[in-house]
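Participant: Quick one, structure for this:
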Amino acid sequence: MLQTDKDFTGSIPELYDSYLVPLIFTACAEDLAKRVAALAPASVLEIAAGSGVVPRVLAPLLPTATRYVVTDLNQDMLDHAEQSQDKPNDIEWQQADALLLPFDDACFDVAHCQHGVMFFPDRVAGYQQVHRVLKPAGTFIFNVWDKIAENEFANIVTDVAAEFFPQDPPQFLARTPHGYHDVEQIRGDLTEAGFASVKIETCPGISHAPSPRHPAIAYCQGTPLRGEIAARNAGLLGQITDKAAQVIADRFGDGPVQGKIQSHVITATAAD
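Facilitator: Residues are numbered from 1 along each chain as shown. Here you go, the predicted structure:
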């Protein structure tokens, strides 16, 4: 992972929330929220909340007495998440590095993370931090994207961008969001971090968009792929977006489109 892979700044948070969230994150967030709420936790920590899609779904499912702390490394994304949350709410919003969580030991019943652990520079260290702040036998629930070949729109956009820069193809999507998909590696990392049991489910799904241009904008302009393209030739961003939209239209049609997405959902239990 490159340092720029974590650069969700400028116009990216708004585009991310407007385009990428309904495209691939909403259904996953609903699933994750139901899993967390079913545990009836008294205290919940969210890590790498991004633009806040999970809090918008989960907060109404939790009793009002539940302590819900939402964190993200990127203050721009956290600000956007807080501003997008229904008011009033009792969520505690806090900028935090997942590798150095600013919380006491054993203070949360459940921790969760929606498609965020792929951005941890050191995943074992991040998992150790989660294990530290969980109460004995606490639960960590998170999801990761499967390999990019199992996620059609992301794969198409990556291939199109590579056509424009064949000597130095932008690989953000394959490298980071879709770069941590080996279930045995995930299981091993969690075990090394101290988790007592690990359950992994592979969950296929369908990504829906109102037009071919929607996923093209989502991935080209609503993720750090935008920065990778700009670093090579900022003037080509529009052309790459247009070409990606055309390829998606050629493959899936000119009207509403749908493509395969696939995630792994992991439930890890802390030691007693």
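Participant: List the beta-bridge partners for residue 198.
Facilitator: Under the criterion DSSP bridges, residue 198 forms beta bridges with residue 268.
Participant: and it, how many neighbours?
Facilitator: Using other C-beta atoms under 10 Å, residue 198 has 17 neighbouring residues. No exception for glycine: its C-beta is placed from N, CA and C like everyone else's.
Participant: can I assume it is in contact with residue 188?
Facilitator: No - using C-beta atoms under 8 Å, residue 198 is not in contact with residue 188; the gap is 9.1 Å.
Participant: For the residue nearest in space to the middle of the chain, which residues are in contact?
Facilitator: The residue at the geometric middle of the chain, judged as the C-alpha nearest the mean C-alpha position with C-alpha atoms, centre = their mean, is residue 115 (2.8 Å). In this structure, residue 115 makes contact with 25, 28, 48, 50, 143, 144, 145, 177, 263, judged by C-beta atoms under 8 Å, 6 or more residues apart in numbering.
Participant: nearest to residue 35, of the residues you listed?
Facilitator: Each of those was checked against residue 35 using C-beta to C-beta; the closest is residue 143, at 9.6 Å.
Participant: Who does that closest one form a beta bridge with?
Facilitator: Here residue 143 sits in beta bridges with residue 114, residue 265, as judged by DSSP bridges.
Participant: Show the pLDDT at it.
Facilitator: You'll see residue 143 listed with a pLDDT of 98.
Participant: from what I can see residue 21 touches residue 51, true?
Facilitator: Yes - counting by C-beta under 8 Å, residue 21 does reach residue 51; the two are 6.2 Å apart.
Participant: Tell me which of the two has more neighbours.
Facilitator: A count of neighbours by other C-beta under 10 Å puts residue 51 above the other of residue 21 and residue 51, at 29 against 21.
Participant: And the pLDDT at that one?
Facilitator: 87.
Participant: you'd agree it is up against residue 82?
Facilitator: No - under the contact definition of C-beta under 8 Å, residue 51 does not touch residue 82, with a separation of 10.3 Å.
Participant: where does this protein dip in pLDDT?
Facilitator: Counting by pLDDT under 70, the chain contains low-confidence residues at 1-13, 88.
Participant: Where do the helices of the stretch 51-200 of the chain begin and end?
Facilitator: For the stretch 51-200 of the chain, the helices defined by DSSP state H, counting those that start in this stretch cover 53-58, 75-84, 123-133, 152-164, 172-175, 183-192.
Participant: Most tightly packed of those helices?
Facilitator: Ranked by mean neighbour count under mean count of other C-beta atoms under 10 Å, those are led by helix 53-58, which reaches a mean of 24.
Participant: From the contact counts, what lies against the longest helix seen in the chain?
Facilitator: Using DSSP state H to define each element, the chain has its longest helix at helix 237-252. For helix 237-252, the contact count by 3 or more C-beta pairs under 8 Å, 6 or more residues apart in numbering; DSSP states H and E identifies helix 152-164, helix 213-221, helix 225-233, strand 257-269 as packing neighbours.
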